[in-house]
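**Q** predicted model, plus sequence, below.
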Amino acid sequence: MSEFNCKLEYLWLDGYETPNIRSKTKYTTIGTDNKFITVDDIPEWGFDGSSTLQADGGDSDCILQPVKVYPNTVDDDESIGMNSFIVLCEVYDTKGGVHPSNKRAELRRLDEAYSGSDMWFGIEQEIHFHECEDWSSLRVVRAAFILSPTARSVLLWCRCRCSGHHQKSGV
């Protein structure tokens, strides 16, 4: 069995009309029989849903159920290194039922109902480049990524591989 000291950043959508991305971080050791950490190795985790509009104050426990795990390649926490992961989650109630804000469960139901069809799902991503002095060697660029469906944007410093988009645009 392999053991990994990990930083897990759990992400989920809250209960607002226009959902916001919420985050909760756990530092833990994960034991696995796999060579790499999989979603099956990541534990469920609870949170207080009253601050995210997902529960009343009197009975506010909600469960984060991991559904996908990715290496966090932009984490700058040197003490964790490559053992930092982003964990995408669905929200459930404490009895194991799907929470009303969990739209992914409805999407999964539709996907199963129409599995014989050729459905496509799309994700919109907008990228804005800033302070790029040399477009001919576009490798590492400061980029603002719109990550949330809300008016709030998150500014990230990240590596952007645009494979010739700058040449096609004539810049």
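**A** Yep, it's here. Numbering: from 1, shown residues only.

**Q** looking at this structure, which helix or strand does the model trust least?
**A** For the chain, the helix or strand with the lowest mean confidence is strand 154-159, at a mean of 33 (criterion: mean pLDDT, DSSP states H and E).

**Q** the protein - how does it break down into domains?
**A** 2-113, 127-168 (automatic domain parsing).

**Q** ends of the first one, how far apart?
**A** Distance across domain 2-113, first residue to last, is 39 Å (C-alpha to C-alpha, to the nearest Å).

**Q** could you give me the average pLDDT of that domain?
**A** Regarding domain 2-113, the rounded mean pLDDT is 89.

**Q** for stretch 116-125, same thing?
**A** The pLDDT scores in stretch 116-125 average 73.

**Q** could you say what helices and strands the helix ranked longest in the chain packs with?
**A** Within the chain, and with DSSP state H defining each element, the longest helix by residue count is helix 103-113. Counting contacts by 3 or more C-beta pairs under 8 Å, 6 or more residues apart in numbering; DSSP states H and E, helix 103-113 packs against no other helix or strand. Glycine gets a C-beta too; all of them are placed from N, C-alpha and C.

**Q** give the buried residues for it.
**A** Applying a neighbour-count criterion of 16 or more other C-beta atoms under 10 Å, the buried positions in helix 103-113 are 104, 105.
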